[in-house]
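S.K.: Need a 3D model of the following:
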Amino acid sequence: MAKILLLYVLPLALFLYAIIDCAADEDVDRTSLPKAVWIIVIILFPYLGALAWLAVAKIAKPKVRRAAGPPGGALPRRLPRRTGPIAPDDNPDFLRRLAEDQARRERERQRGERRDGEEPGSGPNSKKL
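M.R.: Sure thing, here's the model as predicted:
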């Protein structure tokens with residue numbers, strides 16, 4: 001049983017992991033070969049190609065791209081994700097709830113006017129033409 005595991009299952013799992021990881025990796029620029037070449041190498045040499053991909057892609061330090069900015073300073077390629085709280089005017093859930101509350105209050109106000117026997121829109125705050 002251990003022989004089957006070592007000879008067939010683990011190499012197959014390593015091969016599948018390397019192919020999927022290489023195809024899904026967005027930062028293949030850190031390696032010297034393009035993504036398509038890496039996939040071909042992994043397919044042609046399943047065990048060595050998979051191990052080479054893991055060694056190069058996971059162990060190698062990612063390249064830092066330089067962008068226009070302060071002299072000598074390296075800026076990240078994309079902005080880091082915000083982990084702290086979001087301001088209320090930037091939070092779409094808060095804005096949606098605010099609009100729903102405002103619409104609910106307006107409907108309740110109109111129902112209250114109708115109960116008082118007034119026509120909708122004929123209250124003291126409505127404009128007459």
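
S.K.: For the helix or strand Arg97 falls within, give the mean pLDDT please.
M.R.: Using DSSP states H and E, the element containing Arg97 is helix 92-115. Averaged across helix 92-115, pLDDT comes to 90.

S.K.: Show me the domain layout of this structure.
M.R.: 2-59, 87-117 (automatic domain parsing).

S.K.: Please point out which parts of the last one sit buried.
M.R.: Within domain 87-117, the residues that count as buried by 16 or more other CB atoms under 10 Å are Glu113. For the C-beta atoms, the positions are set from N, CA and C on the backbone; glycine is no exception.

S.K.: any idea how far Ala23 is from Pro88?
M.R.: Note on Pro88: its distance to Ala23, by CB to CB, to the nearest Å, is 40 Å.

S.K.: Show me what counts as buried in the helix or strand of the chain with the lowest mean pLDDT.
M.R.: Lowest mean confidence among the helices and strands of the chain (mean pLDDT, DSSP states H and E): helix 2-4, at a mean of 75. Buried positions in helix 2-4, judged by neighbour count with 16+ other CB under 10 Å: none.

S.K.: How about stretch 48-55?
M.R.: Buried-residue list, stretch 48-55, by 16+ other CB under 10 Å: 49-50, 52-54.
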